[in-house]
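S.K.: sequence first, predicted coordinates after that:
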Amino acid sequence: MAATRFFAQNSSMRPLAPKTRDKNRFSRRLRDQDSIVDDLPQDFALAELPVCWGGQLRHSASNLKPNPHPDPLLSPQRTALVVGPEPDFAATVATILPDWTIERARDNVAALTLIESRVFELILTGESTSGKADVELLRRIRLIRPHTRLIILTNESTPTDVIASMREHAFSYFSKPLCWTSISEMVRLAAEGPCWDDGIEVLSATPAWIRLAARCDVKTADRLLQFFHEIADLPEPEKSNVASAFREMLLNAIEHGGQFDPKQYVEVSYLRARHMVICRVQDPGNGFSLDEVRHAAIANPPDDPIRHQSYRDAKGLRPGGFGVLLTRSLVDEVIYSEKGNEVLLVKYADSPRQRTETAAP
């Protein structure tokens with residue numbers, strides 16, 4: 001994946017090692033239907049795996065609301081199911097989730113048999129299967145385990161498969177070339193919550209025009225951005241530019257319009273025409289006027305490029321405020337509605353255009 005990485009540096013989320021007397025309880029276990037391997041290589045690390053530049057996860061605002069991690073000594077043992085014939089895949093998941101039990105199923109048929117017999121908190125499909133086959137597995141799982149989190153990894157995918165996975169409430173979706181840095185972050189994200197609640201609703205969708213509703217929290221935004229990456233069929237660097245601009249506007253909508261209220265939703269649209277891409281983000285807030293946002297860098301005079309930070313400090317806002325300014329540099333047009341709670345991002349595919357920002361009077 002050649003995209004420029006536009007998410008912040010990964011942060012370690014591994015818990016502290018348990019006490020010696022709890023060693024057996026929290027040891028890494030890797031099991032399949034035929035054998036148990038208790039001693040994974042201690043030096044097996046994700047650093048040894050391919051790491052791409054195009055990570056789709058960690059938004060720079062992911063630290064806006066730090067989430068405390070539960071004490072593993074007080075948490076029940078949880079189990080993840082890894083599907084596929086590759087033993088290294090299960091070993092990698094064990095390094096990501098060191099305090100989980102990791103089980104293996106050789107294929108989707110064997111996985112479904114195991115899932116029918118007992119509960120798994122997280123399921124990851126193997127990259128040897130197609131997106132279409134994994135979505136079919138997900139449909140069958142939903143009939144018996146409606147709240148199971150499933151992350152699809154596949155070597156064969158289409159935008160239609162990605163949309164189908166979202167309709168069936170997949171937690172996330174990755175196609176080749178796989179970026180293990182991004183996958184690791186998403187696996188940890190899936191492992192955090194005690195209860196599965198999707199937060200993304202497909203309102204209507206074709207590969208060319210998708211409308212979604214997304215809950216106003218950063219975790220949901222991270223998941224939505226990964227789905228966006230899989231659906232968008234743009235060449236580089238346009239794909240990275242549009243994704244970065246979309247990210248900035250989405251987080252602005254969730255933070256300022258939705259106030260990080262999980263009961264509120266933003267509406268998002270992606271439209272792919274022959275010569276352009278349009279992204280639309282509408283938030284539930286009261287809107288704003290660009291002429292009145294002194295806490296944003298776009299309002300700074302040329303001779304004082306960080307003046308907005310004093311306004312942010314006075315309001316108790318986090319450092320930042322460069323979102324709109326960055327977005328203008330990445331797409332060709334940024335168009336706000338009259339109310340200011342709805343924005344269109346336009347990227348022309350064939351011909352260079354003068355980048356402009358247009359606000360309705």
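M.R.: Nice, thanks for sending it over. Note that the structure is predicted; figures quoted are calculated from it, not measured.
S.K.: where does the stretch 251-361 of the chain have low pLDDT?
M.R.: Scanning the stretch 251-361 of the chain with the threshold set as pLDDT under 70 gives 289-323, 350-361.
S.K.: quick one, strands of it?
M.R.: For the stretch 251-361 of the chain, applying DSSP state E, counting those that start in this stretch gives strands covering 265-272, 276-282, 333-336, 342-348, 356-359.
S.K.: ditto for the stretch 101-250 of the chain
M.R.: For the stretch 101-250 of the chain, the strands defined by DSSP E, counting those that start in this stretch cover 101-105, 122-124, 149-154, 172-175, 200-206, 209-215.
S.K.: for the ones you listed, which one sits closest to residue 134?
M.R.: Closest of the strands of the stretch 101-250 of the chain to residue 134 is strand 149-154, at 4.6 Å (criterion: C-beta to C-beta). In short, each C-beta sits where N, CA and C put it, glycine included.
S.K.: ok, that closest one: who's next to it in the sheet?
M.R.: strand 122-124 (parallel), strand 172-175 (parallel) (DSSP bridges).
S.K.: I'd like these as a markdown table, with mean neighbour count appended.
M.R.: Converted to a markdown table, those look like this (neighbours: other C-beta atoms under 10 Å):
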| stretch | mean neighbour count |
| --- | --- |
| strand 122-124 | 27 |
| strand 172-175 | 25 |
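S.K.: still on that earlier bit, now the strands of the stretch 251-361 of the chain as TSV including distance to residue 184?
M.R.: Shown next, in TSV, are those (distance: least, C-beta to C-beta, whole Å):
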stretch	distance to residue 184
strand 265-272	25
strand 276-282	27
strand 333-336	33
strand 342-348	29
strand 356-359	37
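S.K.: mean neighbour count and distance to residue 230 added to those strands, as TSV?
M.R.: As requested, those are exported to TSV (neighbours: other C-beta atoms under 10 Å; distance: least, C-beta to C-beta, whole Å):
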stretch	mean neighbour count	distance to residue 230
strand 265-272	21	12
strand 276-282	20	15
strand 333-336	19	24
strand 342-348	20	18
strand 356-359	13	29
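S.K.: and for stretch 80-87, what's in contact with it?
M.R.: Stretch 80-87 has contacts (C-beta atoms under 8 Å, 6 or more residues apart in numbering) with 89-90, 93, 97, 100-108, 110-111, 114-115, 120-129, 137, 191.
S.K.: hmm, I typed the wrong one, I wanted stretch 130-148.
M.R.: Contact partners of stretch 130-148, identified using C-beta under 8 Å, 6+ apart, comprise 83, 108, 111-112, 115-116, 119-123, 125, 150, 152, 154-158, 161-162, 164-165, 168-170, 173, 175, 195-196.
S.K.: again, only using 7 Å
M.R.: Residues from elsewhere that reach stretch 130-148, judged by C-beta atoms under 7 Å, 6 or more residues apart in numbering: 108, 111-112, 115-116, 119-120, 123, 125, 150, 152, 154, 156-158, 161, 164-165, 168, 170, 175, 196.
S.K.: same question for stretch 224-234.
M.R.: With C-beta under 7 Å, 6+ apart as the test, stretch 224-234 has contacts from 56-57, 157, 159, 162, 166, 172-173, 175, 186, 200, 210, 214, 239, 242-243, 246-247, 270, 272, 277.
S.K.: now do the contacts for residue 216.
M.R.: Contacts for residue 216 (C-beta under 7 Å, 6+ apart) come out as 254, 258, 260-262, 264-266.
S.K.: got it, and residue 156?
M.R.: 130-131.
S.K.: so where do the helices sit in the stretch 1-150 of the chain?
M.R.: 23-26, 87-96, 108-117, 131-144 (DSSP state H, counting those that start in this stretch).
S.K.: and those helices as a markdown table, adding mean pLDDT and distance to residue 76?
M.R.: Shown next, in a markdown table, are the helices of the stretch 1-150 of the chain (pLDDT from 0 to 100; distance: least, C-beta to C-beta, whole Å):
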| stretch | mean pLDDT | distance to residue 76 |
| --- | --- | --- |
| helix 23-26 | 38 | 10 |
| helix 87-96 | 93 | 18 |
| helix 108-117 | 96 | 19 |
| helix 131-144 | 96 | 21 |
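S.K.: now those helices as JSON lines including mean neighbour count and distance to residue 288?
M.R.: Output for the helices of the stretch 1-150 of the chain, formatted as JSON lines (neighbours: other C-beta under 10 Å; distance: least, C-beta to C-beta, whole Å):
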{"stretch": "helix 23-26", "mean neighbour count": "13", "distance to residue 288": "49"}
{"stretch": "helix 87-96", "mean neighbour count": "19", "distance to residue 288": "40"}
{"stretch": "helix 108-117", "mean neighbour count": "15", "distance to residue 288": "47"}
{"stretch": "helix 131-144", "mean neighbour count": "18", "distance to residue 288": "39"}
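S.K.: export the ones you listed to JSON lines and tack on distance to residue 326?
M.R.: Converted to JSON lines, the helices of the stretch 1-150 of the chain look like this (distance: least, C-beta to C-beta, whole Å):
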{"stretch": "helix 23-26", "distance to residue 326": "43"}
{"stretch": "helix 87-96", "distance to residue 326": "31"}
{"stretch": "helix 108-117", "distance to residue 326": "42"}
{"stretch": "helix 131-144", "distance to residue 326": "32"}
